[in-house]
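# sequence unknown, structure follows:
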């Protein structure tokens, strides 16, 4: 506030503006440009400059003039003169300014001095910034000019290289005798201008200009005429143009690598482009120039039963993407690694124009069996005769009588449990006859079926004192299925109760009509014990074989059938083979089922070593890698590779079939229901080892038939050979029993079984084995509960006795009532309680039972809701052990 006095001695307070040094600033924006196309927007301030001498402010100022600056001229005088009264307004409204004090003047002077110092400093900083900016812009301009010069030099160098290449091509074409290259104009360089834009007098593009330095024209003058000749600096001053920087050194480059005699001698040679390189470049240019579509390759595609999309595309020389696209058009989404079936792959290949050859994995077996023999060089062979019939009808005894041997004594229990093959020489004709002896037990159905398949004639042995039995009927069916002739041998006619006529009559029931009854089936009455009519039987066999006219070619590779197989401890896998076609020799590579091998030895039925075995000759073959399955067909192959292919395919099929039989969960609804029924049944784990494959097959078949819905035998492992430690370890893991049929455990296996408490049972007769397993499985069956009715009683009155509870006074209407028996409480013909009698009294005495017509007192265990008129039914529950 400023105090002022009016002429009337009145003092007024006039408000004054505060003194500040705030400058007046005008702002704006400017966009700066940098190298490489970068820009930046900055803010520029324009400040007002104040003059201390009291003049009006200049245009360029840095700070606005304060309000007190208007009285600056008065500040020079030491004291301001007071305003005269005449200077005051007339109306008495004039204002008289107060004189500044010394402190105020010194403060104002110091403020002005500080502002001036700041102004000088800011001006100095602005000048320095302007110098730096100008220097930076000059450097950037120089860099841009240098980059432009380098670019032009690079373009000129490329142009010169192109000219040099064209000259080299012309020279090369001249050297190779291409005359048309002389008249062909060289292509214009990449940087040349079109003909319409070329100035008058300019040299045509076909002429090769002489090499010159960059930036120098043909006449020696500078090419960069006009604006590029003179450069201007930032201030507009003229300065000479900066010469472009060269990227390569004019001096020869230093040789690299090791210094050898060759490099030292050839140091001055200039390496030129080779002819082969030039040819490759020409072919490459021709290949790029011709855009004609390539001719499609038509292939014969081999398609197996299943193939991946990638493999199919490779075989067709097509892209896998195209194959997947075609599958998508058919509505199938696939990946490149997916497997498709042969039909889909064939459709794809034919649609793409390829021819298809379908193959299957089983093709490896083609030509293995049943190859048509065109040779007419055939010779008669021995007939194969199979002896079949019911157990204990004398089949083996009859064969022993024919062979003058004693095989029966070697069979356990006096019954045949192995299939055997023998050769007998007829005493009259001198011809050999091959006999196959089959077991008669019900379990050996598969053996009998194998014997019927490989035979030429079937001898049906029927005991005269026993007649036609179940296995006799089965043998008749096997013979009919094999469509082979049959000879009926009625054995045991030496017995007093023998009735051959009854046998003939019973055979009529099964459509077997013997010659004596007007049929075609030959029948002979024989006695193996007394060797009666054996010669007549052999005569009939020879006659039947002569009618069959059995001939074959013995010079071809052998084919046969495995009759029996076993694992001998000293000799390894041994197979009894009946050769059917060709000749089997030692050293042949053979295949049987999933096993292969090389024949090491051939042993006859008499135990003699043979070098070869012809048709209809039974031999034991040594040399298999493993024991084959009984019934497998044997064939001789040309090499081991073929044998390995066949066996690997068969082993794969065998594994797949085993997995399918185990898993087989995805099937019909009927199969799923049967699996649900068998899901809760108990299993009897077993490990079975037998001496031969046929016996093992019979045992497994018998054990499978023992199974029911409640209990079944689970075969963990079945094999041929002795019991080993691995079998004991497997049995220990599953708590299983080990069954050995005509085999024994080795010393280590027996010790391990004894140590681990594993039971090993040995059998020689299949009857005993099946019976024992049947008894053991019967123990797993739940017992049957059977109710036995004892009697009924009627409640007459109910008494409530302390410390005892409710007691029913009853009269026994029928039967008897026993203490501790099970009872039912029946009310209005509805069973309301089942329990046991806790108390049975007659008068005051506890009794064991009460007869019919007598009265008694009864009390139930934990039940007291009894009413008069209820009926008590008394019964006994009996547990009956079940058996299979």
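Structure's in. What do you need? What you see is a predicted model; the values in this text were computed from it and never measured.
# how about the contacts made by residue 558?
The contact partners of residue 558, taken as Cβ atoms under 8 Å, 6 or more residues apart in numbering, are 579, 581-585, 588, 590, 613, 634-636. Glycine gets a C-beta too; all of them are placed from N, C-alpha and C.
# return the subset of these lying in strands.
Judged by DSSP state E, the subset of those located in strands is 579, 581, 584-585, 590, 613, 634-636.
# flag the least confident of those.
Within the ones in strands among the contacts of residue 558, the minimum per-residue pLDDT falls on residue 581 (87).
# am I right that it is in contact with residue 616?
No - using Cβ atoms under 8 Å, residue 581 is not in contact with residue 616, being 9.7 Å away.
# elements contacting the longest helix along the chain?
Secondary structure assigned by DSSP state H gives helix 102-175 as the longest helix of the chain. Here helix 102-175 touches helix 180-183, helix 275-289, going by 3 or more Cβ pairs under 8 Å, 6 or more residues apart in numbering; DSSP states H and E.
# among those, which gets the worst mean confidence?
helix 180-183 (a mean of 45).
# filter the ones in strands among the contacts of residue 558 down to the buried ones.
Listed as buried from the ones in strands among the contacts of residue 558 are 579, 581, 584, 590, 613, 634-636; burial here means 16 or more other Cβ atoms under 10 Å.
# I'd like the ones in strands among the contacts of residue 558 as a markdown table, with distance to residue 564 appended.
Output for the ones in strands among the contacts of residue 558, formatted as a markdown table (distance: Cβ to Cβ, whole Å):
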| residue | distance to residue 564 |
| --- | --- |
| 579 | 15 |
| 581 | 20 |
| 584 | 16 |
| 585 | 21 |
| 590 | 16 |
| 613 | 16 |
| 634 | 12 |
| 635 | 18 |
| 636 | 20 |
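# which one of these is nearest residue 620?
In terms of Cβ to Cβ, no member of those lies closer to residue 620 than residue 613, at 9.9 Å.
# what helix or strand is the residue lying closest to residue 517 once chain neighbours are set aside on?
Spatial nearest neighbour of residue 517, excluding adjacent residues (Cβ to Cβ, 6 or more residues apart in numbering): residue 504 at 6.1 Å. Assessed by DSSP states H and E, residue 504 sits inside helix 500-508.
# now the lengthiest strand in the chain: mean pLDDT?
The residue-count maximum for a strand in the chain (DSSP E) belongs to strand 784-801. Mean pLDDT, computed over strand 784-801, is 88.
# next, the buried residues of it.
By neighbour count with 16+ other Cβ under 10 Å, strand 784-801 contains the buried residues 790-793, 795, 798.
# direction included, what does that strand pair against?
Sheet pairing for strand 784-801, assigned by DSSP bridges, gives strand 805-815 (antiparallel), strand 871-880 (antiparallel).
# which SS class is the residue nearest to residue 536 when sequence neighbours are not counted?
Once flanking residues are discounted, residue 536 sits nearest to residue 524: 5.6 Å by Cβ to Cβ, 6+ apart. What DSSP: H, G, I helix; E, B strand; the rest coil gives for residue 524 is strand.
# tell me which residues touch residue 524, please.
487-490, 533, 536-537, 540.
# now do 7 Å
Residues near residue 524 by Cβ atoms under 7 Å, 6 or more residues apart in numbering: 487, 489, 533, 536-537, 540.
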